[in-house]
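[1] here is my input, please return the structure:
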Amino acid sequence: MKDTIIGVDLAKRVFQLHGATMTGHVRFRKKLTREQFRRFMAEHPSCLVVFEACGSASYWAREMAKLGHDAKLIAPQYVKPFVKRQKNDAADAEAIVIAARQPEMRFVAPKTEDQQARAMLFRGRERLVHQRTELVNALRAVLYEYGHVFPAGIGHLKRIEALLEDPTCDLPALITTECRDLLAQIAEKTNRIDAKTKALKELAAGTDTARRLQTMPGVGPLTALAVEAFAPGMAQFRCGRDFAAWLGLVPRQNSSGGKERLGRISKAGQTDIRRLLIIGAMTRIMGRARHKIPADSWLGRMLARKPKMLVAIALANKMARQIWAILTKNEDYRDPVLATAA
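    Predicted coordinates:
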């Protein structure tokens, strides 16, 4: 049975299995509950088990590895073209097997338990930030209804508090009470965000990989931890350009007939790391940081002739390639200008 490949369409309770040989000969089709699936795979000889990458796929990949099977994950967009006609669980499981048999297929690396835990903590903080932004916008909207306009951003909350504490404030008592309640909710969210930020920074300080990444300008604890939590092993990428492409920091192509047509960045990769790298790149070219950039450097020449956002994306692409080099070589960041001078 070593030449057997099993495609599994995961669900909450009922899993659809499609077993076939590597040459495509169908061995079985089964519909099993979670408990039945676990027992079936425990009794089955070692084989290749393939899942679509979804919420529980990494967990089941780890469980299959414990049972002695070789588990792989495929991105759903790579499975969809192989679905025949009608869409159902059996067709999805069969499509997973057909996709996995393709010699050029790209697989997703299953996450470890530690990676998933760090990712959940990171996403928990992001969720709180979004909720706080929603509350701030709701507060600004309430005040806007009564003619008080405040700019966007949490930095203007003190002005709003001063308005509510002003004895000459023309707001009705009910509105003042509601605004104070919103301010209390915002303060509570801020405290929880600060607590999660502290926990993330402590995690980042406890690993050598995160410490090494933070030696690069524009990469802080959150970016370093995001790379650890969301990125697969750098050995999966042939070069830094492949890692930048995985992050979606390369132009979208619409080329044909030997003529290259490049558009905006593809945004086809990992959102969290890409966003943080772009933010980190902006910190290196905005404000006081820009005055420290030599005019004859690559970054200085780019800023002289290109918009800031475009330069930030180009710099984020370069930072992604440098991250790949740092992690593959297990070295701290070295400034290219100083390295060349030496």
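[2] mind listing the strands for the protein?
    4-9, 14-21, 26-33, 48-52, 70-74, 251-253, 262-265 (DSSP state E).
[3] which one of those lies closest to Arg39?
    Among the strands of the chain, the nearest to Arg39 by CB to CB is strand 26-33 (8.5 Å). C-beta coordinates here come from the backbone N, C-alpha and C atoms, glycine included.
[4] and for the closest one, what's in contact with it?
    Residues from elsewhere that reach strand 26-33, judged by CB atoms under 8 Å, 6 or more residues apart in numbering: 4, 13-21, 40, 89-90, 93.
[5] please repeat the previous calculation with a cut-off of 7 Å.
    4, 13-21, 40, 90 (CB atoms under 7 Å, 6 or more residues apart in numbering).
[6] as TSV, the strands of the chain with mean pLDDT and distance to Leu163 would be great.
    Shown next, in TSV, are these (pLDDT from 0 to 100; distance: least, CB to CB, whole Å):
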stretch	mean pLDDT	distance to Leu163
strand 4-9	95	56
strand 14-21	95	57
strand 26-33	94	59
strand 48-52	96	52
strand 70-74	95	53
strand 251-253	83	46
strand 262-265	81	41
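[7] export these to a markdown table and tack on mean neighbour count and distance to Ala152?
    Compiled in a markdown table, these are given as follows (neighbours: other CB atoms under 10 Å; distance: least, CB to CB, whole Å):
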| stretch | mean neighbour count | distance to Ala152 |
| --- | --- | --- |
| strand 4-9 | 24 | 44 |
| strand 14-21 | 21 | 47 |
| strand 26-33 | 14 | 50 |
| strand 48-52 | 24 | 39 |
| strand 70-74 | 20 | 40 |
| strand 251-253 | 13 | 30 |
| strand 262-265 | 12 | 25 |
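[8] and Ile323, which of those is closest to it?
    strand 262-265 (16.9 Å).
[9] show me what the closest one packs onto, helices and strands only.
    Strand 262-265 sits against strand 251-253, with contacts defined as 3 or more CB pairs under 7 Å, 6 or more residues apart in numbering; DSSP states H and E.
[10] mind listing what's buried in stretch 91-101?
    By neighbour count on 16 or more other CB atoms under 10 Å, the buried set for stretch 91-101 is 91-101.
[11] quick revisit: CSV please, covering the strands of the chain and showing distance to Tyr59.
    CSV is the format used below for those (distance: least, CB to CB, whole Å):
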stretch, distance to Tyr59
strand 4-9, 12
strand 14-21, 13
strand 26-33, 16
strand 48-52, 10
strand 70-74, 11
strand 251-253, 33
strand 262-265, 32
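[12] relative to Val311, which of these is closest?
    That would be strand 262-265 among the strands of the chain, by CB to CB, at 13.2 Å.
[13] so what's the gap between the closest one and the chain middle?
    Using CA atoms, centre = their mean, to the nearest Å, the mean C-alpha position of strand 262-265 is found 20 Å from that of the whole chain.
[14] may I ask which two of the contacts of strand 26-33 are separated the most?
    Arg13 and Thr21 (28.7 Å).
[15] pLDDT value on Ala339, please?
    pLDDT recorded at Ala339 is 47.
[16] and the gap between Thr15 and Ile6?
    Careful, residue 15 is Phe; it's not Thr. Per CB to CB, to the nearest Å, Phe15 is found 10 Å from Ile6.
[17] got any ranges where the stretch 201-342 of the chain has weak pLDDT?
    For the stretch 201-342 of the chain, the stretches with pLDDT under 70 are 337-342.
[18] still on that earlier bit, from the buried residues of stretch 91-101, which is closest to His130?
    Distances from His130 to the buried residues of stretch 91-101, taken by CB to CB, are shortest for Asp92, at 31.8 Å.
[19] give the contact list for that closest one.
    9, 16, 83.
[20] quick one, grab the pLDDT at it.
    So Asp92 comes in at 95 (pLDDT).
[21] begin at 642 from now on, thanks
    Sure thing, new numbering starts at 642, so read that last one as Asp733.
[22] thinking again about what came up before, adding distance to His932, write the contacts of Asp733 out as a markdown table.
    Below are the contacts of Asp733 laid out as a markdown table (distance: CB to CB, whole Å):
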| residue | distance to His932 |
| --- | --- |
| Asp650 | 57 |
| Gln657 | 61 |
| Val724 | 56 |
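[23] so which of those is the closest to Lys947?
    Val724 (42.8 Å).
[24] need the contact list for that closest one.
    By CB under 7 Å, 6+ apart, the neighbours of Val724 are 732-733, 736.
[25] 6 Å - rerun?
    Taking CB atoms under 6 Å, 6 or more residues apart in numbering as the contact definition, Val724 lies against 732, 736.
[26] repeat that for Leu708.
    Counted by CB under 6 Å, 6+ apart, Leu708 has contacts 682-683.
[27] same thing with Arg902?
    If you count contacts by CB under 6 Å, 6+ apart, then Arg902 has 895-896 around it.
[28] how about 8 Å then?
    By CB under 8 Å, 6+ apart, the neighbours of Arg902 are 894-896.
[29] for the residues you listed, which one is nearest Thr924?
    Nearest to Thr924 among these, with distances taken as CB to CB, is Gln894, at 29.5 Å.
[30] tell me how far the closest one lies from Ile914.
    Going from Gln894 to Ile914 by CB to CB gives 22 Å.
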